[in-house]
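> Here is a sequence together with a model predicted from it:
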Amino acid sequence: MNRLLLAVALAGCGNATEVATYQQSIAELQTVVDAHETDSLAAPDCAVEHQRYDELARPHLRQMTRMSGGMGMGMRSMCGSMQTELDRHAAAACTGDATANHAEAQRHCQLMRDWLARQRAGAQP
């Protein structure tokens, strides 16, 4: 009976290798998000920094979205929310002065970190 429960649990969340790969994607996106928050303050050109961030973040999020299908609707839904936020941030980034731009980056990065923490908690073998 315990083996059956374990098999059902693993089937719902992907196998251990898939979960490890998913967790690695979470960690890599977390690194990109953290760097964006720091770099958005120091970058001489907001648009260049945001483009760099966007080009790094989107592939990680696309990979997570592809992999989340076998991990339940909650994981896939969070990926969709993160994609929506990334799109929203792309439209809002670099539209104000340096202080407003950094505040937007901070808000965005904190929200992304919150979702990544939920993803990390949900991606368990």
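Structure's in. What do you need?
> Next one, pLDDT for Met67 please.
In this model, Met67 is scored at 82, pLDDT.
> That one contacts Ser25, doesn't it?
Yes: with contact defined as C-beta atoms under 8 Å, Met67 counts as touching Ser25 (7.0 Å). Yep, even glycine has a C-beta here, placed from its N, CA and C like the rest.
> Quick check: which ranges of the chain have low pLDDT?
1-14, 70-73, 124-125 (pLDDT under 70).
> how about 90 then?
Applying pLDDT under 90 to the chain flags residues 1-23, 25-26, 41-44, 63-81, 98, 115, 118-125.
> Determine the longest helix present in it.
When the chain is parsed with DSSP state H, its longest helix is helix 16-42.
> Just after that one, pick out the following helix or strand.
helix 46-68 (DSSP states H and E).
> what helices or strands is that next one leaning on?
Secondary-structure packing of helix 46-68 (3 or more C-beta pairs under 8 Å, 6 or more residues apart in numbering; DSSP states H and E): helix 16-42, helix 73-92, helix 98-122.
> Redo those helices as CSV? Include distance to Arg58 and mean neighbour count.
Converted to CSV, those look like this (distance: least, C-beta to C-beta, whole Å; neighbours: other C-beta atoms under 10 Å):
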stretch, distance to Arg58, mean neighbour count
helix 16-42, 10, 17
helix 73-92, 7, 15
helix 98-122, 12, 16
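> closest one to Gln51 among these?
For Gln51, the closest of the helices and strands packed on helix 46-68 is helix 73-92, at 9.3 Å, according to C-beta to C-beta.
> Just the CA trace of the closest one, in PDB.
Below are the C-alpha coordinates for helix 73-92, written out as PDB (Å, rounded to 0.1, in the frame of the first residue of the first chain):
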ATOM      1  CA  MET A  73      -2.300  22.600 -12.300                       C
ATOM      2  CA  GLY A  74      -1.100  24.700  -9.400                       C
ATOM      3  CA  MET A  75       2.500  24.700 -10.700                       C
ATOM      4  CA  ARG A  76       1.400  25.500 -14.200                       C
ATOM      5  CA  SER A  77      -0.900  28.200 -13.000                       C
ATOM      6  CA  MET A  78       2.000  29.900 -11.100                       C
ATOM      7  CA  CYS A  79       4.100  29.700 -14.200                       C
ATOM      8  CA  GLY A  80       1.300  31.500 -16.100                       C
ATOM      9  CA  SER A  81       1.100  34.200 -13.400                       C
ATOM     10  CA  MET A  82       4.900  34.600 -13.500                       C
ATOM     11  CA  GLN A  83       4.700  35.000 -17.300                       C
ATOM     12  CA  THR A  84       2.000  37.600 -17.000                       C
ATOM     13  CA  GLU A  85       4.100  39.500 -14.400                       C
ATOM     14  CA  LEU A  86       7.100  39.300 -16.700                       C
ATOM     15  CA  ASP A  87       5.100  40.800 -19.500                       C
ATOM     16  CA  ARG A  88       3.600  43.500 -17.200                       C
ATOM     17  CA  HIS A  89       7.100  44.400 -16.000                       C
ATOM     18  CA  ALA A  90       8.400  44.600 -19.600                       C
ATOM     19  CA  ALA A  91       5.700  47.200 -20.300                       C
ATOM     20  CA  ALA A  92       6.300  49.200 -17.000                       C
END
